[in-house]
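Engineer: I'll drop the sequence and a predicted model, then ask my questions.
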Amino acid sequence: MKEGLEDLTPKQIVEQLDTYIIGQKKAKRSVAVALRNRTRRLKLPEDIREEIAPKNILMIGPTGVGKTEIARRLAKLCGAPFIKVEATKYTEVGYVGRDVESMVRDLMAVGYNMVKAEMQEQLKAAAGEKVEEDLLDLLLPGSGKKNKKRAKEEKGESGGGFMLPFNIFGSPVPQEKDTESETAEKQGGIQVPEDSGEKGGSEAASDSSASQEKDGSMNATREKFRTMLREGKLEGREIEITVQKRQRMPSMEIIAGGSPEDMESVMQNISSMLNGSRTKKRSVTVAEARQILLEEHLDRMTDPDKAADTARERVEQMGIIFIDEIDKIAVEGHGNGANVSREGVQRDILPIVEGSSVNTKYGVVDTTHILFIAAGAFNLSKPSDLIPELQGRFPLRVELDSLNAEDFERILTEPKNALTRQYTDLLATEDVHIVFTPEAIKRMSTLAADTNSRMENIGARRLHTIMETLLEELSFSADEHAGKTIEITADYVDERLKDIVQNQDLSKYIL
């Protein structure tokens, strides 16, 4: 959970949502209060905390008015484990398709990756030091062996810190031989004993002095390379590294009612484990090698069990599942065929929303306190067409308003990701500068509202249609207008959209 979230009041949450979403005050207030109640609940004593169930929300409104955007921005704001799913992709148990429990497994995977990323962020400094040493070893092979051996001796790793000359059975303990001695013996060479006389001693001293001089020179070179590495002067140099192939153990979720996609994933994992070597060599730049080595070190340093436990706790207490298009599984009355399957999906979703234990590869997840937000247009059905038990699990119902010309005008200019700003920045990459006049924006807004009222109401998505058609010719020939500033006026809008306005044919542009 993001730091400072517990300090955000509902009013401040609404203000944050206003940055990207125009209007829909009721929906914003509902989700803000629901989010605030999550943090309030965590501050209560445990016996009371368990009794407080989340107040799930059902958002009702036509397409393109901001239902999905509210949930998406809410998730980014709170930093809680969040997943958006489509109700239409789930099927009743026994039919081909995804089972409803997979939404909890997906949420748990999101929570685990979130916690893992947070843990790795804290370990980056320590891992960065190890990566630097690895890069120096790759750039200067052999330069780090003496340092590593000396470090092991200081820690007592080479001989356990203290070693008796005899083992418990009274026989002498074989002493480790130096690598050079072993090599000489294998080649039939003769090693000069330590007490071989004055001549041997002088030669040993000379060899020792030469070895120390060589080590000093190597260390100096290594430090020079370290400085160059830190200054970024070696980023483009090619080096060869040995990387570990990531072979994940196959997931056993398939036993808990997985889908054909889960089975396919499991079979691919098993196949990758049985085929091919575990390591492979790659030729990459120093910059690429740094990232690869950093990921490997972070993976080794991260405790997966601790990450799974933390993620499971966070998912159970702060997780949010947004179920979109829930109206598509609502049926009027009771029928046969597809209606039976859709009612079956509702029955399968019901225990998840009420609270049940779902088996995941990270452990068993209790869904009792997960917040569910459902949304649907309900243009072909009504909320009352949902089964009564499922209706009862969504006590808060919020109706979102249809957008009018004034809303469209604000959507085109106020949000951080306003469409006019997006197209201006896109064309600016080719040195084409466009300026929208207030009259042009008002004309586009009026046209969008009028078209939605006469044809299919697709909400703010109509603005995408109008903007794309308006700037199609300019985008196609942008290279011919490089260095120019083009003003988009109301007349320009009428000229570019006159055929569409006259024909009233936008069917091919509907998203």
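Structural biologist: Nice, I can see it.
Engineer: Name the nearest residue to N404, ignoring sequence neighbours.
Structural biologist: A449 (5.6 Å; Cβ to Cβ, 6 or more residues apart in numbering). Every residue, glycine included, has its C-beta placed from N, CA and C.
Engineer: May I have the residues that are in contact with that neighbour?
Structural biologist: Contact analysis of A449 by Cβ atoms under 8 Å, 6 or more residues apart in numbering lists 403-405, 408.
Engineer: Looking at these, spot the one nearest T88.
Structural biologist: L403 (24.2 Å; Cβ to Cβ).
Engineer: Look up how far E118 lies from that closest one.
Structural biologist: Per Cβ to Cβ, to the nearest Å, L403 is found 38 Å from E118.
Engineer: Could you pull out the strands in the stretch 1-150 of the chain for me?
Structural biologist: For the stretch 1-150 of the chain, strands defined by DSSP state E, counting those that start in this stretch occupy the ranges 57-60, 82-86.
Engineer: Figure out how far the longest one is from the centre of its chain.
Structural biologist: Mean C-alpha position of strand 82-86 versus that of the full chain (Cα atoms, centre = their mean, to the nearest Å) differs by 13 Å.
Engineer: Partner strands of it, with direction?
Structural biologist: Its sheet considered, strand 82-86 pairs with strand 320-324 (parallel) by DSSP bridges.
Engineer: elements contacting the helix or strand following the strand it pairs with?
Structural biologist: Using DSSP states H and E, the next helix or strand after strand 320-324 towards the C-terminus is helix 338-354. Judged by 3 or more Cβ pairs under 8 Å, 6 or more residues apart in numbering; DSSP states H and E, helix 338-354 is in contact with helix 388-392.
Engineer: What residues sit buried inside the helix it packs on?
Structural biologist: By neighbour count with 16 or more other Cβ atoms under 10 Å, helix 388-392 contains the buried residues 390-391.
Engineer: Equivalent analysis for stretch 292-310, please.
Structural biologist: 293-294, 296-298, 302, 307-308, 310.
Engineer: What of stretch 421-433?
Structural biologist: 423-424, 427, 432.
Engineer: now do stretch 100-115
Structural biologist: So, applying 16+ other Cβ under 10 Å, buried residues of stretch 100-115: 100-112, 114-115.
Engineer: cool, and stretch 445-463?
Structural biologist: 445-449, 451-452, 457-463.
Engineer: out of the buried residues of stretch 100-115, who's nearest V85?
Structural biologist: M103 (4.9 Å).
Engineer: For V110, see how far away that closest one is.
Structural biologist: 11 Å.
Engineer: Likewise for I349?
Structural biologist: 19 Å.
Engineer: Just name the lowest-scoring one in the buried residues of stretch 445-463, pLDDT-wise.
Structural biologist: In terms of pLDDT, the weakest of the buried residues of stretch 445-463 is N457, which scores 82.
Engineer: Find the helix or strand that it is a member of.
Structural biologist: Going by DSSP H and E, N457 is not in any helix or strand.
Engineer: from what I can see it touches P62, true?
Structural biologist: Yes. Taking Cβ atoms under 8 Å as the definition, N457 is a contact partner of P62 at 5.3 Å.
Engineer: Now for those two: what residues contact both?
Structural biologist: By Cβ under 8 Å, 6+ apart, the residues touching both N457 and P62 are S402.
Engineer: could you check the angle helix 338-354 makes with the longest helix along the chain?
Structural biologist: Determined from DSSP state H, the single longest helix within the chain is helix 102-139. Put simply, helix 102-139 runs at 70 degrees to helix 338-354, going by axes from the mean of the first three to the mean of the last three Cα atoms, to 10 degrees.
Engineer: Let's test this: mean pLDDT of helix 102-139, rounded?
Structural biologist: Mean predicted confidence for helix 102-139 is 90.
Engineer: now stretch 368-387
Structural biologist: pLDDT averaged over stretch 368-387 gives 89.
Engineer: Next, the buried residues of that stretch.
Structural biologist: In stretch 368-387, counting by 16+ other Cβ under 10 Å, buried: 369-378, 381, 383, 385-386.
Engineer: on that earlier part again, how distant is the longest helix of the chain from the center of its chain?
Structural biologist: 12 Å.
Engineer: name the helices or strands packed onto it?
Structural biologist: By 3+ Cβ pairs under 8 Å, 6+ apart, helix 102-139 packs against strand 82-86, helix 198-230, strand 238-244, helix 286-301, helix 304-318, strand 320-324, strand 357-360, strand 363-366.
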